[in-house]
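**Student:** okay, structure incoming, though there's no sequence with it:
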């Protein structure tokens, strides 16, 4: 029997994280794969540093506030509004969803709305957690993988189901 090489990859974020085992025939394939992943991570970090540098050297002044974005030094405050979702799919036969939104910045959950009962076209308001203030640093913001909004279907008995997602970066 020929020796195989394997590595475990952690994919996803939050409660959607999965671990996948990838098997290689040779140690050279493992090294090549890991080198490529390291290269992609470095490229992502270079891009984030470039965006951060551009942001810091732009026309922003300390204490400036525009359209829900407030910058003071390296502190960043963003007013985020989750308004609505449209034409969500029916779940489990003819049952309407009970949607809510989880918001992640990188792997960290930063907000969760209330669920809207039995709706395929939910509208969130300030009363249902549709507006929140994200307080972070410019480093954290530009070095994250952006903000991911995941629409979930609330289940009182079993595990909640993912309905959809969008990432803004």
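**Tutor:** Now that the structure is in, tell me what you want to look at. What you see is a predicted model; the values in this text were computed from it and never measured. Residues are numbered from 1 along each chain as shown.
**Student:** what strand or helix carries the residue positioned nearest the centre of the chain?
**Tutor:** The residue lying closest to the centre of the chain (Cα atoms, centre = their mean) is residue 148, at 2.7 Å. Using DSSP states H and E, residue 148 falls within strand 147-153.
**Student:** each with direction, which strands does that strand pair with?
**Tutor:** Partner strands for strand 147-153, per DSSP bridges, with pairing direction: strand 99-105 (antiparallel), strand 161-168 (antiparallel).
**Student:** could you look up the SS state of residue 135?
**Tutor:** Look at residue 135: counting by DSSP: H, G, I helix; E, B strand; the rest coil, its state is strand.
**Student:** what is the burial count for it?
**Tutor:** 12 (other Cβ atoms under 10 Å). For the C-beta atoms, the positions are set from N, CA and C on the backbone; glycine is no exception.
**Student:** show me what contacts residue 4?
**Tutor:** 23-25 (Cβ atoms under 8 Å, 6 or more residues apart in numbering).
**Student:** next one: it from residue 24, what distance?
**Tutor:** Counting by Cβ to Cβ, to the nearest Å, the separation of residue 4 from residue 24 is 7 Å.
**Student:** isn't residue 78 right up against residue 131?
**Tutor:** No: here residue 78 lies out of contact with residue 131, judged by Cβ atoms under 8 Å, at a distance of 11.4 Å.
**Student:** and the longest helix for the chain?
**Tutor:** For the chain, the longest helix by residue count, based on DSSP state H, is helix 27-56.
**Student:** other SSEs contacting it?
**Tutor:** If contacts are counted by 3 or more Cβ pairs under 8 Å, 6 or more residues apart in numbering; DSSP states H and E, helix 27-56 sits against strand 5-11, strand 18-24, helix 138-143.
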